[in-house]
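In: coordinates for the following, if possible.
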Amino acid sequence: MSKYIYELTLKVRDYECDLQGIVNNANYQHYLEHTRHEFLASTGGDFASLHQQGIDPVVARINMAFKTPLKSGDEFVSRLYLKKEGIKYVFYQDIFRKADEKIVVKATVETVCVVNGRLSECVLFEELFKDFL
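Out: Have a look, this model is predicted:
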């Protein structure tokens, strides 16, 4: 059984590539963030309503290892699984080129919640993520 709990298929757009013809490194963070946002939406959460409730999940640390570059038009699958460590939610995210399942990026993203302006536990996330922790 796969360790991944969520996956999202995307396609590289021309403007995401640099002069070398490969995806610029900064765009991988966009792919990873979009995957986390879509995962949150799949659990019934949404960033706008969280913010209105005074809950702001933020990235505390990110570590990325680049393995194989993507090029314009490549389809890829962004997958994640999740662990809780203290007050941190740690997302383990991997991106694979769809054509051959070759690993593109391996990332670990540590997030925390700021509730009403203070670093805090997030009871709502406990509920939203209970089936995945």
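In: measure stretch 85-103 end to end?
Out: Distance across stretch 85-103, first residue to last, is 26 Å (C-alpha to C-alpha, to the nearest Å).
In: show residues contacting that stretch.
Out: 3-4, 9, 28, 31-32, 35-36, 57, 60, 67-68, 70, 74-84, 104-113, 119-121, 125, 129 (C-beta atoms under 8 Å, 6 or more residues apart in numbering). Any C-beta I mention is one placed from the backbone N, CA and C, and that applies to glycine too.
In: what comes up buried for that stretch?
Out: When burial is assessed from 16 or more other C-beta atoms under 10 Å, stretch 85-103 yields the following buried residues: Y89, V90, F91, Y92, Q93, D94, I95, F96, R97, K98.
In: ok, those vs S42, which is closest?
Out: Using C-beta to C-beta, F91 comes nearest to S42 of the buried residues of stretch 85-103, at 13.6 Å.
In: nearest residue to the closest one in space, please, no chain neighbours.
Out: In space, not counting the residues next to it along the chain, F91 is nearest to V109; the distance is 4.4 Å by C-beta to C-beta, 6 or more residues apart in numbering.
In: parallel or antiparallel, which strands does the helix or strand hosting that neighbour pair with?
Out: Using DSSP states H and E, V109 sits within strand 103-115. When pairing is defined by DSSP bridges, strand 103-115 lines up against strand 55-66 (antiparallel), strand 88-97 (antiparallel), strand 118-120 (antiparallel).
In: need those strands in JSON lines with mean pLDDT and distance to D18, can you?
Out: Compiled in JSON lines, the strands paired with strand 103-115 are given as follows (pLDDT from 0 to 100; distance: least, C-beta to C-beta, whole Å):
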{"stretch": "strand 55-66", "mean pLDDT": "96", "distance to D18": "13"}
{"stretch": "strand 88-97", "mean pLDDT": "97", "distance to D18": "17"}
{"stretch": "strand 118-120", "mean pLDDT": "94", "distance to D18": "36"}
